[in-house]
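Asker: Would you be able to build a 3D model of this:
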Amino acid sequence: MRFVVLLILMSCSITVFAQTPGYMGKRFGAGYGAYASPGYIGSAGATPVNIQHEAFVEFVTKKRFSIGLSVKAYKAIYANTRYVNVLDNNSSSNDQIDKHPSGVTNIRAKNYMLYFKFFGKHYLAPWGRYFIMGATLNTFNSTYDPDHMNVGTESSPSYSNGYTHSGYVSYSDFGPAKQSFKKFDVMIGWGRSRIVADRITIDYGFNVNLWAFTATVFDAPDDDIGEKILLPDKYISTISAARIRGVNRFNIFCKIGILLF
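Answerer: As a prediction, the model looks like this:
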């Protein structure tokens, strides 16, 4: 009789443990992640790969569901390959010599994300295969140096004393030297999490930002679709947003974390 009672108690304890959210009762974790995506057309820099660094926290709320918060930081450079029309903002009768500005645009960005993981029916969060989706806020600051970023124009010829005169004028007014922007997007992805020594998590997979991915057709060329040339006051905002979409369009990731409690 005592043996039967003991078996019942053991069965109940195993059942309760199996229904407890988390891995071995651990529900809260934190860690670091690295994201990589192919270099974007128009990028400049030492490598053709975009790298993002992430800090994240996650909390398991149900057996196959967890919620997380993360912030990713990264830098990007744009080589100013989009064409610009400086004459419409210039009252002079100059002719534009250069199609696109010289120099580069530097971008520093942070992505803030609230995300949810849905684990497969044969797994127990935070372990196993999962589908992930979330909302992201992309914030970025773009800077340029007016001394290096400019477009050459040439004044119309004039005649005096039997000579033809023309002059070279450099146009470098693309708005404030530092400009800040915010963009929203929706992320989806698939991944897998493994647990080592009952505490260390190793996470890997890939994700897609839906709006950035949808806008691929508009960001692909470095010149302009439909010959729509950018004006100087819209140049920084347009090329910066396109560069940020290029970084976030598609990423593979690897994350390492620790289950705290």
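Asker: which regions of the stretch 151-261 of the chain lie under the pLDDT threshold?
Answerer: Along the stretch 151-261 of the chain, segments meeting pLDDT under 70 span 155-168, 217-228.
Asker: So which residues of it form helices?
Answerer: 210-214, 216-219, 232-248 (DSSP state H, counting those that start in this stretch).
Asker: right, and those - which one's nearest Asn111?
Answerer: Of all these, helix 232-248 sits nearest to Asn111, with 7.0 Å by CB to CB. Every residue, glycine included, has its C-beta placed from N, CA and C.
Asker: sorry, back to before: just the helices of the stretch 151-261 of the chain: most buried one?
Answerer: helix 232-248 (a mean of 21; mean count of other CB atoms under 10 Å).
Asker: now for that helix, which elements pack on it?
Answerer: Using 3 or more CB pairs under 8 Å, 6 or more residues apart in numbering; DSSP states H and E, the elements in contact with helix 232-248 are strand 28-38, strand 49-62, strand 65-78, strand 105-119, strand 128-143, strand 178-196, helix 210-214, helix 216-219.
Asker: Would you convert the helices of the stretch 151-261 of the chain into TSV that also reports distance to Tyr204?
Answerer: TSV is the format used below for those (distance: least, CB to CB, whole Å):
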stretch	distance to Tyr204
helix 210-214	20
helix 216-219	24
helix 232-248	18
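Asker: picking that back up, in a markdown table, list the helices and strands packed on helix 232-248 along with distance to Gly152.
Answerer: Below are the helices and strands packed on helix 232-248 laid out as a markdown table (distance: least, CB to CB, whole Å):
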| stretch | distance to Gly152 |
| --- | --- |
| strand 28-38 | 32 |
| strand 49-62 | 31 |
| strand 65-78 | 20 |
| strand 105-119 | 18 |
| strand 128-143 | 22 |
| strand 178-196 | 23 |
| helix 210-214 | 33 |
| helix 216-219 | 26 |
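Asker: So which of the ones you listed is nearest Cys254?
Answerer: Here strand 28-38 is closest among those (CB to CB), at 5.7 Å.
Asker: Hmm, Phe206 is touching Phe253, no?
Answerer: Yes. Contact criterion CB atoms under 8 Å: Phe206 and Phe253 qualify, at 6.9 Å.
Asker: closest to Ile132 out of the helices of the stretch 151-261 of the chain?
Answerer: That would be helix 210-214 among the helices of the stretch 151-261 of the chain, by CB to CB, at 12.9 Å.
Asker: Please export the C-alpha coordinates of the closest one as CSV.
Answerer: Extracted in CSV, the C-alpha atoms of helix 210-214 (Å, rounded to 0.1, in the frame of the first residue of the first chain):
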residue,chain,number,x,y,z
LEU,A,210,8.4,42.8,-43.4
TRP,A,211,8.3,46.4,-44.5
ALA,A,212,12.0,46.5,-45.3
PHE,A,213,11.6,43.3,-47.3
THR,A,214,8.6,44.6,-49.2
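Asker: helices or strands up against that helix?
Answerer: strand 178-196, helix 232-248.
Asker: Check Ile41 and give its pLDDT.
Answerer: On pLDDT, Ile41 comes in at 54.
Asker: Kindly report the same for the one 4 residues further on.
Answerer: Turning to Gly45, the model gives it a pLDDT of 59.
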